[in-house]
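K.L.:
Have a look; sequence and predicted model below, questions after that.
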Number of protein chains: 2
Amino acid sequence: MKKVPSAVIPRLSLYYRTLLESRKDFLSSEEISKLTYFSASQVRKDLAYFGQFGIPSKGYHTEKLKKAVEKILGLDKKWEVALIGVGNLGSALLSYKGFSRQGFYIHYAFDKDKRKIGKRVSSVLIRDISQLEMVIKRKKISLAILALPKEEAQSIVDRLVNCEIKAILNFAPIRPYVPKGVVVLNIDLSIELERLAYFLKQSLK
Amino acid sequence: MKKVPSAVIPRLSLYYRTLLESRKDFLSSEEISKLTYFSASQVRKDLAYFGQFGIPSKGYHTEKLKKAVEKILGLDKKWEVALIGVGNLGSALLSYKGFSRQGFYIHYAFDKDKRKIGKRVSSVLIRDISQLEMVIKRKKISLAILALPKEEAQSIVDRLVNCEIKAILNFAPIRPYVPKGVVVLNIDLSIELERLAYFLKQSLK
DNA sequence: TAGATTGTTAATCGATTAACAATC
DNA sequence: TAGATTGTTAATCGATTAACAATC
């Protein structure tokens, strides 16, 4: 199978949302294009990486394609997620109800602050960071979200890598080093704001 | 001047961080490469879009380059930012101290919830959303952060566009429509988690 | 069958990398 | 001057778009 460019995956997520909302039995690539602002060519090509889902002259069966994309993205599974760092941002993520709809469950949270340990946020127990390795191994957690200060990020990443975590969503404003075979997605708010500031400067000229 | 590819800007932000942390007088593209994991070619090319900052056989004067990048990214200016939606995520953003270091000041926050209006979060007054247009025009706010439910996002974006906001950081899980000349950067946590889930599925095979 | 739309191949576009003359 | 590293041009790579034969 041809290698799937990584930009395809977030587009699949957006197609999926469109499929969820559609009330038509069939959708053509042209219609999906209208709804998502991606080109019809791109829609067809993206889907073709994973199989032949369409019917010439009809388009894609909405329900079947939905199921197929669900499977591709792993939304048919449940994923246990560990949150590390229960500050303002961490608490907000814990309280967000939207994740469970896609099968992501933040059932485990860690912090090093003794005043937080033992408390609950959105009914999730905050555990001592020293328990990190033990809990991750026992509970088959495969995904971690980092919401902690940049000073602590790399050492926690190292510990996560050590207990076989393969995927990390990082909110700390550093780009942690990870060995091959592990992915980190960095969500770096300062960088996004700087991109906007750059754009603003341009548009003022 | 040649058009600057948009991927250059976030890299500049990362070079900038490196410059802030460096204690050397000069840095070569090779050294910047080592520190950022971007290629030395790319470092030189990215910088060359904006001028000739380097000295052959010496490299880049750290302090001068820092100042130059600061100017390019608009970090030498102060930016007034409006936050719309003071829920869990909005409150976390208000409380985050890191933005002001880059010149971003969230001095204005809006919500429609009567119980929140009039209260303060991190000393910022929460205003009635009905005041949005008035305050934005008066206070020369040029940047908006959206942290509200997806149902409300598009209508607020429309109002922001109407009062000449040109740059929006959107956390709501939709891709709002904006006319040309306005940028929206979407930070969509579900999509990022889905990317990670896809990667995990692959690596388990 | 005729019309519509897929899946796929080829063409285009843009971004990254490599190479090297210019120059401090 | 010799050595090092820039800025820039050319080559490569990868992703997007266009075109169209296959097919329902």
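P.N.:
On my side now, so go ahead.
K.L.:
hey, let's count contacts and neighbours off CA atoms from now on
P.N.:
Fine.
K.L.:
Just give me the neighbour total for the spatially closest residue to A:L12 that is not a sequence neighbour.
P.N.:
Setting aside the residues directly before and after it, A:L12 is nearest to A:V69 in space (CA to CA, 6 or more residues apart in numbering or on different chains), at 7.0 Å. Residues near A:V69, counting by other CA atoms under 10 Å in any protein chain shown, number 20.
K.L.:
ok, now the one 4 residues further on?
P.N.:
Applying other CA under 10 Å, we find 25 other residues in the vicinity of A:L73.
K.L.:
Also the one 4 residues further on?
P.N.:
Under the neighbour criterion other CA under 10 Å, A:K77 is assigned a count of 14.
K.L.:
now swap in A:G181 and tell me
P.N.:
Here the number of neighbours of A:G181 (other CA under 10 Å) works out to 12.
K.L.:
Give the other helices and strands that the longest helix along chain A contacts.
P.N.:
Of all the segments assigned as helix in chain A under DSSP state H, the longest by residue count is helix A:189-204. Contacts of helix A:189-204 with other secondary structure elements, assessed using 3 or more CA pairs under 8 Å, 6 or more residues apart in numbering or on different chains; DSSP states H and E, are made with helix B:8-21, helix B:62-73, strand B:167-170, strand B:183-186.
K.L.:
Would you mind pulling the contact partners of the third one?
P.N.:
The one in question is strand B:167-170. By CA atoms under 8 Å, 6 or more residues apart in numbering or on different chains, the surrounding residues in contact with strand B:167-170 are A:192-193, A:196-197, A:199-200, B:142-147, B:182-187.
K.L.:
at 7 Å what do you get?
P.N.:
Defining contact as CA atoms under 7 Å, 6 or more residues apart in numbering or on different chains, one finds that strand B:167-170 is touched by A:196, A:200, B:142-147, B:182-187.
K.L.:
Show me what secondary structure element comes after the helix or strand bottoming out on mean pLDDT in chain A.
P.N.:
Among the helices and strands of chain A, helix A:98-101 carries the lowest confidence by mean pLDDT, DSSP states H and E, at a mean of 88. In the C-terminal direction, the helix or strand that comes right after helix A:98-101 (DSSP states H and E) is strand A:104-111.
K.L.:
strands paired with the helix or strand just after that following strand, and their directions?
P.N.:
Downstream of strand A:104-111, the first helix or strand assigned by DSSP H and E is strand A:120-121. Based on DSSP bridges, the strands next to strand A:120-121 in the sheet, each with its direction, are strand A:124-128 (antiparallel).
K.L.:
the inter-axis angle of the strand it pairs with versus strand A:104-111?
P.N.:
Strand A:124-128 and strand A:104-111 meet at an angle of 40 degrees, taking axes from the mean of the first three to the mean of the last three CA atoms, to 10 degrees as the criterion.
K.L.:
what mean pLDDT does strand A:124-128 have?
P.N.:
Along strand A:124-128, the predicted local confidence has a mean pLDDT of 98.
K.L.:
If we go by neighbour counts, what in the helix or strand that that strand is followed by is buried?
P.N.:
Sequence-wise, the next helix or strand downstream of strand A:124-128 (DSSP H and E) is helix A:132-138. Within helix A:132-138, the residues that qualify as buried by neighbour count (16 or more other CA atoms under 10 Å in any protein chain shown) are A:132, A:135-136.
K.L.:
For chain A, give me the ranges with low pLDDT.
P.N.:
In the predicted model, chain A carries pLDDT under 70 at residues A:1, A:205.
K.L.:
A:L27 against A:S57, yeah?
P.N.:
No. With contact defined as CA atoms under 7 Å, A:L27 does not reach A:S57; the gap is 10.7 Å.
K.L.:
These two: which is more packed in?
P.N.:
Set side by side, A:L27 and A:S57 show more neighbours around A:L27, with 20 against 7, by other CA under 10 Å.
K.L.:
burial of A:Y60, as a residue count?
P.N.:
Here the number of neighbours of A:Y60 (other CA under 10 Å) works out to 21.
K.L.:
Tell me how many other residues crowd the closest residue to A:K166 other than its chain neighbours.
P.N.:
In space, and not counting its chain neighbours, A:K166 is closest to A:V182: 4.5 Å by CA to CA, 6+ apart. A:V182 has 16 neighbouring residues, counting by other CA under 10 Å.
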